[in-house]
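Q: Okay, here's the prediction I keep looking at, along with the sequence it came from:
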Amino acid sequence: MDSENLHRRLKKIIGQLNAIDRMIDEDIPCENILMQINASKSALHRVGYIIVEGHLDNCIKNAMEKGDTDEALADISSILEYYSRL
C-alpha cells in the first residue's frame, strides 16, 4: 500500500472538510456546500477503495499462497461488509 499517496489524499480531504466548515460560517448557498460534501465523500470512498485493493493484493494473496483459502475468503467477506457501509 502506498502510504504517501493515502496521506496526501487524506490531507486533501481534511482541507475540503475545513473549507466546508468555513462555508457554513460564511453563509454559502446550501447547494455549494452539498457539492463539496459530495466531493469529500467521494474522495474518502476512494481512499477506502485503495486500502481494500491493497489488502486484497497483499494480505489475501499471501493467505491464499499459504493455503489458507477459508481464512482468506472470510477476510474478503469481512472487508466487503465494512467497505459496503461507507
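A: The structure has been received and is ready for your questions. Quick caveat: nothing in here was measured; it's all calculated off a predicted structure.

Q: Quick one: distance of whichever helix or strand residue 31 is part of to the chain centre.
A: Element membership for residue 31 (DSSP states H and E) is helix 30-55. Computed by C-alpha atoms, centre = their mean, to the nearest Å, the chain-centroid distance of helix 30-55 equals 7 Å.

Q: likewise stretch 55-75?
A: Using C-alpha atoms, centre = their mean, the offset of stretch 55-75 from its chain centre is 21 Å.

Q: and it, average pLDDT?
A: For stretch 55-75, mean pLDDT is 82.

Q: Now the terminal residues of that stretch, how far apart.
A: Length of stretch 55-75, first residue to last, C-alpha to C-alpha, to the nearest Å: 10 Å.

Q: buried residues in it?
A: Neighbour-count burial for stretch 55-75 flags 55, 60, 63, 72, 75 (criterion: 16 or more other C-beta atoms under 10 Å). For glycine as for every other residue, the C-beta is placed from the backbone atoms N, C-alpha and C.

Q: So which of these belong to strands?
A: Of the buried residues of stretch 55-75, none are assigned to strands by DSSP state E.

Q: middle-most residue in this structure, spatially?
A: Central residue of the chain (C-alpha atoms, centre = their mean): residue 48, 2.2 Å from the mean position.

Q: SS state for residue 27?
A: coil (DSSP: H, G, I helix; E, B strand; the rest coil).

Q: so where's this protein uncertain?
A: 1, 86 (pLDDT under 70).

Q: hmm, try it at 90
A: Along the chain, segments meeting pLDDT under 90 span 1-2, 27, 49, 51-86.

Q: Check which helices and strands the helix holding residue 31 is in contact with.
A: On a contact count with 3 or more C-beta pairs under 8 Å, 6 or more residues apart in numbering; DSSP states H and E, helix 30-55 meets helix 3-25, helix 69-84.

Q: so the shortest one versus helix 30-55, what angle?
A: Taking axes from the mean of the first three to the mean of the last three C-alpha atoms, to 10 degrees, helix 69-84 and helix 30-55 form an angle of 170 degrees between their directions.

Q: Can you give the contact residues for helix 69-84?
A: Applying C-beta atoms under 8 Å, 6 or more residues apart in numbering, the contact partners of helix 69-84 are 48, 49, 52, 55, 56, 59, 60, 63, 64.
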